[in-house]
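Engineer: can't give you the sequence, but here's the structure:
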């Protein structure tokens, strides 16, 4: 995908996050890998006013905050660059302050395997990190550590962050993580959720490796596509006598 199309995709994804109530105002930030650089949403620009040309460009191999563009990058640029450097299989990062995921992060609680879809994040839980001030190297280090063998993590007293091979997959995971957080909060309000054993989640993790948006078998920056259903074999016609 060309850089101009990636810029447009970033702007469109920002507005979609706001439409789905996963972000509000100028909260959260997004980035996408483009060759040896990173496109990252600018600081302090409301999503409904964001235009592709406002998105900042940063060299992936540097850590000095250098950028090009009309607006400075998000204050969380360290976290985005560090995650993409640590995860060459990923091409996009989305950070949101969605309500239910953030509520759990305020309790410093992980999301356990109360539902099998937790496997879409690579294991039997989505961890929650300790707190660190936004924009700091400490927060970046906590995020990278929390994402080890996972595709999403809760940032203590802050929000959530997810990764994906492209923006389509990262967006899918952002929606799914908020959904899991909401279901877990509601289930706990009603009673005590039953937790699936690690063995069951391990089986589901393996099955997800070749299924739709959960799959990491295709490395591309293009839009992710849901898995196609196999066609049913045509029934054999009876032979005429």
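Structural biologist: Now that the structure is in, tell me what you want to look at. Please read these numbers as outputs of a predicted model, since none were measured by experiment. Residues are numbered from 1 along each chain as shown.

Engineer: residue boundaries of the strands in this protein?
Structural biologist: Counting by DSSP state E, the chain has strands at residues 29-34, 37-40, 56-59, 92-96, 152-155, 159-164.

Engineer: For the ones you listed, could you give me CSV that also reports mean pLDDT?
Structural biologist: Shown next, in CSV, are the strands of the chain (pLDDT from 0 to 100):
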stretch, mean pLDDT
strand 29-34, 98
strand 37-40, 98
strand 56-59, 98
strand 92-96, 99
strand 152-155, 99
strand 159-164, 99
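
Engineer: Nearest approach to residue 86 belongs to which of those?
Structural biologist: The closest of the strands of the chain to residue 86 is strand 159-164. By C-beta to C-beta, the value is 9.8 Å. Heads up, the C-betas are built off the backbone N, CA and C, glycines and all.

Engineer: Contacts for that closest one, please.
Structural biologist: 27-28, 79, 83, 87, 90-98, 101-102, 105, 121, 143, 147, 151-155, 170-174, 177-178, 181, 224 (C-beta atoms under 8 Å, 6 or more residues apart in numbering).

Engineer: Provide the strand pairings for it, with the direction of each partner.
Structural biologist: Strand 159-164 has the following strand partners under DSSP bridges: strand 92-96 (antiparallel), strand 152-155 (antiparallel).

Engineer: Quick check: which of those strands is nearest to residue 55?
Structural biologist: Judging these by C-beta to C-beta, what sits closest to residue 55 is strand 92-96, at 13.0 Å.

Engineer: now the angle from that closest one to strand 29-34?
Structural biologist: Strand 92-96 and strand 29-34 meet at an angle of 180 degrees, taking axes from the mean of the first three to the mean of the last three C-alpha atoms, to 10 degrees as the criterion.

Engineer: which other residues reach strand 92-96?
Structural biologist: For strand 92-96, the surrounding residues in contact (C-beta under 8 Å, 6+ apart) are 13, 17, 22-23, 27-33, 76, 79-80, 83-84, 155, 159-167, 169-171, 173-174, 178, 221.

Engineer: mind listing the helices for the protein?
Structural biologist: Assigned by DSSP state H, the chain shows helices spanning 3-19, 77-86, 99-106, 137-146, 167-190, 198-208.

Engineer: List the buried residues in the longest one.
Structural biologist: In other words, helix 167-190. Buried residues in helix 167-190, counted by 16 or more other C-beta atoms under 10 Å: 167-178, 180-185.

Engineer: for the second one, same thing?
Structural biologist: Taking 16+ other C-beta under 10 Å as the basis for neighbour counts, the residues of helix 77-86 that come out buried are 77, 78, 79, 80, 81, 82, 83, 84.

Engineer: Got phi/psi on residue 130?
Structural biologist: Main-chain torsions, residue 130, degrees, to the nearest 10: phi -70, psi 170.
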